[in-house]
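>>> sequence-free structure coming up:
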């Protein structure tokens with residue numbers, strides 16, 4: 001049987017490049033599609049027969065169609081955290097997501113995995129969270145048996161979450177917490193999420209399913225900070241900091257080319273992002289999630 005091809009939109013991003021590698025490990029041929037294919041060639045090399053990096057624009061139907069031509073499966077791992085110009089939460093998380101799903105259906109693609117997030121809700125007052133929810137609805141309307149993957153906040157080397165927390169804990173004698181530090185979160189290792197995508201695409205049945213991918217432990221934000229500090233052998237003073245002040249700081253941060261924090265991240269920290277016991281998750285895919293502390297030990301030691 002010929003090797004099946006999977007096109008990964010956003011295949012050079014924090015999650016997408018891991019998805020590509022895990023798909024290869026599962027025996028798929030992978031086509032990473034992004035606006036910067038040279039970045040993919042640097043990440044994966046030019047001589048791997050299982051990996052191909054191509055240029056594609058998720059805002060252009062013809063470009064999407066070319067990228068998925070002949071593919072068995074499609075993964076949409078494109079995400080946006082700061083709106084800039086024509087790249088808005090609606091254009092990326094709803095319109096582009098619908099475009100990928102529509103073109104995949106037209107092309108006869110057998111499997112589609114759409115990356116969303118725990119907490120996505122089309123009725124949310126938060127623009128970011130609402131557009132994530134609307135995107136899920138648009139994808140399911142266009143590709144009825146699509147698989148939705150909802151990760152909790154992801155962590156891993158070179159991430160924008162755990163790495164930032166660790167850096168600030170090391171530099172600041174007093175650490176400003178989000179609100180009172182009582183928001184609950186269930187961080188998940190990015191490699192576990194990537195494995196979940198690859199495993200989901202290999203499953204024999206194709207029913208529409210939503211997987212919520214979360215780590216093995218639920219923390220309050222204050223508990224999470226103390227756990228990270230303990231692993232790094234730090235003893236910071238944790239100070240509650242109002243969400244209104246965080247929003248103001250994030251607004252200023254978003255003016256930078258690479259913002260340290262964004263308003264949508266603040267909004268996500270105002271709600272609990274934990275998996276629902278009513279939805280399947282990593283366990284149903286045969287994956288044992290890695291603990292934050294386990295991965296953090298590797299990050300701290302530089303392994």
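On my side now, so go ahead. Because the structure is predicted, anything quoted here is derived from the model rather than measured.

>>> got the residue ranges for the strands in the protein?
Here the chain has its strands, by DSSP state E, at 5-9, 29-34, 51-55, 73-76, 111-115, 147-151, 154-155, 174-178, 184-185, 188-189, 209-213, 219-220, 237-241.

>>> closest to residue 278 out of the ones you listed?
strand 209-213 (9.2 Å; Cβ to Cβ). (Each C-beta comes from the backbone N, C-alpha and C, glycine too.)

>>> so which of the strands of the chain comes closest to residue 254?
Among the strands of the chain, strand 174-178 sits nearest to residue 254 (Cβ to Cβ), with 16.8 Å.

>>> Buried residues in the closest one, which are they?
By neighbour count on 16 or more other Cβ atoms under 10 Å, the buried set for strand 174-178 is 175, 177-178.

>>> closest to residue 19 among those residues?
For the buried residues of strand 174-178, the nearest to residue 19 is residue 178 (28.6 Å; Cβ to Cβ).

>>> how about the nearest residue to the closest one, chain neighbours excluded?
residue 269 (4.4 Å; Cβ to Cβ, 6 or more residues apart in numbering).

>>> Would you confirm that that neighbour contacts residue 221?
Yes: with contacts counted by Cβ atoms under 8 Å, residue 269 reaches residue 221, the gap being 6.9 Å.

>>> what's the overlap in contacts for those two?
Counting by Cβ atoms under 8 Å, 6 or more residues apart in numbering, the common neighbours of residue 269 and residue 221 are 178-179, 183, 185.

>>> Taking the residues you listed, tell me the two that lie furthest apart.
The widest separation within the shared contacts of residue 269 and residue 221 (Cβ to Cβ) is 12.5 Å, between 179 and 185.

>>> tell me which strands and helices the lengthiest helix in the chain is in contact with?
Selection of the longest helix in the chain by residue count, based on DSSP state H, yields helix 127-142. The contact analysis (3 or more Cβ pairs under 8 Å, 6 or more residues apart in numbering; DSSP states H and E) places helix 127-142 against helix 89-90, helix 97-106, strand 111-115, strand 147-151, helix 263-268.

>>> how far does that helix sit from the chain's center?
15 Å (Cα atoms, centre = their mean, to the nearest Å).

>>> now stretch 51-68
In terms of Cα atoms, centre = their mean, the centre of stretch 51-68 is set 20 Å apart from its chain centre.

>>> Now do that stretch: everything it contacts.
So stretch 51-68 is contacted by 7, 9-12, 20, 24, 29-41, 44-45, 74, 76, 78, 86, 91-92, 95-96, 99-100, 102-104, 106-107, 109 (Cβ under 8 Å, 6+ apart).

>>> how long is it end to end?
End-to-end distance of stretch 51-68 (Cα to Cα, to the nearest Å): 14 Å.

>>> Great, nothing more from me.
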